[in-house]
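Q: coordinates only, sequence not included:
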């Protein structure tokens, strides 16, 4: 006999860009079990959710339980909570920590911890949206880049690097001062959002772009000294579908750099070819058509490609930090490679604790960072920059005071990365040309 409830059910959907909800089961009058849809064409990845609730009743409190998160440990154990907005209050807000619970299922239905949260609806005419973290969609990026392009800035150029399997444009931005000859400039490559559920990376990258095109002594000095190449969204298809980690075929693109297939990983193939062109100071005809990459190791002692920074977000850690390629057999290079993260750690509070970490996990062999180290000699200093989806712990302990991150927090991290880069390059930021 089916359970009887005293009120009509709420209505759930995810029929919008980056939305994700798989199944909803009503367990009590005011309680719902929510199952995340796995990334497309596979069952492994289930963390990102973003759904809409309508048909609410003002004053009603409801318990939502996310039942099938695939990770055993997330920042929910540290006090993270989902975010919410409504049509009458469009700004995203964190649900108060005291109303969010991370626990082992006493009913034995869930393999990994369940995340339950309570929410009281206050306007029956509103639509309510709940998400794992602050959404940053492909459309948001396109609107931002269209505004910047329309400004006609002489030091900003937007081009199409390639197209995804869904025929979405992958942008390649170039930011540099055209009045200064490029031959004497360093080249810095910045990429973001290869993992679609890591939305904070897009806010950081957005801020990097805004900072670099702004006026002021630091961005102007950076434009005079550096050619910035930026790929702000590497996985538009996964972002569109509301995947957590993969592209539309269910492939983790950040494990495909060793041998990207043009029929399945055209963006990674294009980025590999872009890196080769930047490293060898060669022209690159754009847009790139899908093609097999040349995996012959390269040597260029005179390369201008100095840094590669791949922006990510972390679902389990707090604060922000860099992974780098440790060089145990070359302590001079090892120290040099840690210099930039160390400067950022001194300038930026999120990076203050353990800002640079070596990663020797064999499971990361197909990442951009590892692949470039093995293909290029000497390789540029290549970093994975991770920022927490949750926030930071101000005294470095799990019981300490928390700083919960917002989009503004991530934007500040982007600015800090560029201020740190100017110091790392010993640039004159006095404002003199």
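A: Everything's here; your move. The model shown is predicted, which means the values in this text are computed figures rather than measured ones.
Q: Quick check: next helix or strand after the longest strand seen in the chain?
A: Longest strand in the chain by number of residues (criterion: DSSP state E): strand 305-314. Once the chain leaves strand 305-314, the next helix or strand it forms, by DSSP states H and E, is strand 320-324.
Q: quick one, that next one and strand 305-314 angle?
A: 130 degrees (axes from the mean of the first three to the mean of the last three Cα atoms, to 10 degrees).
Q: Strand 320-324 packs against which elements?
A: When contacts are defined as 3 or more Cβ pairs under 8 Å, 6 or more residues apart in numbering; DSSP states H and E, strand 320-324 sits against helix 331-347, strand 356-358, strand 381-388. For every residue, glycine as well, the C-beta is placed using N, CA and C.
Q: Parallel or antiparallel, list what pairs with the helix or strand of the chain with the lowest mean pLDDT.
A: Lowest by mean pLDDT, DSSP states H and E among the helices and strands of the chain is strand 391-393, with a mean of 87. Using DSSP bridges, strand 391-393 pairs in its sheet with strand 402-404 (antiparallel).
Q: now what about the partner strand, what contacts it?
A: 78-79, 94, 349-350, 390-394, 409 (Cβ atoms under 8 Å, 6 or more residues apart in numbering).
Q: same question, stretch 74-92
A: With Cβ under 8 Å, 6+ apart, stretch 74-92 has contacts from 47, 49, 93-97, 99-100, 102, 113, 115, 117, 119, 123, 125-134, 315-318, 388-391, 393, 398, 402, 407.
Q: Now, of the residues you listed, which are buried?
A: 47, 49, 94-95, 100, 102, 113, 115, 117, 119, 126-134, 315-318, 388-391, 393, 402, 407 (16 or more other Cβ atoms under 10 Å).
Q: about what we covered before: least reliable of the helices and strands packed on strand 320-324 by average pLDDT, please.
A: Note on those: strand 356-358 shows the lowest mean pLDDT, a mean of 89.
Q: what comes up buried for the next helix or strand after that strand?
A: The helix or strand immediately downstream of strand 356-358 is helix 368-375, counting by DSSP H and E. Residues of helix 368-375 classed as buried by neighbour count (16+ other Cβ under 10 Å): 368-373, 375.
Q: Not counting sequence-adjacent ones, nearest residue to residue 262?
A: residue 290 (3.5 Å; Cβ to Cβ, 6 or more residues apart in numbering).
Q: how about the one you found, secondary structure?
A: coil (DSSP: H, G, I helix; E, B strand; the rest coil).
Q: residue contacts, the residue lying closest to residue 365 once chain neighbours are set aside?
A: Leaving aside its sequence neighbours, residue 365 sits nearest to residue 258 (Cβ to Cβ, 6+ apart; 7.0 Å). Listed by Cβ under 8 Å, 6+ apart, the contact set of residue 258 reads 295, 365-366, 371.
Q: Quick check: the gap between residue 258 and residue 265.
A: 11 Å (Cβ to Cβ, to the nearest Å).
Q: Good, we can wrap up now.
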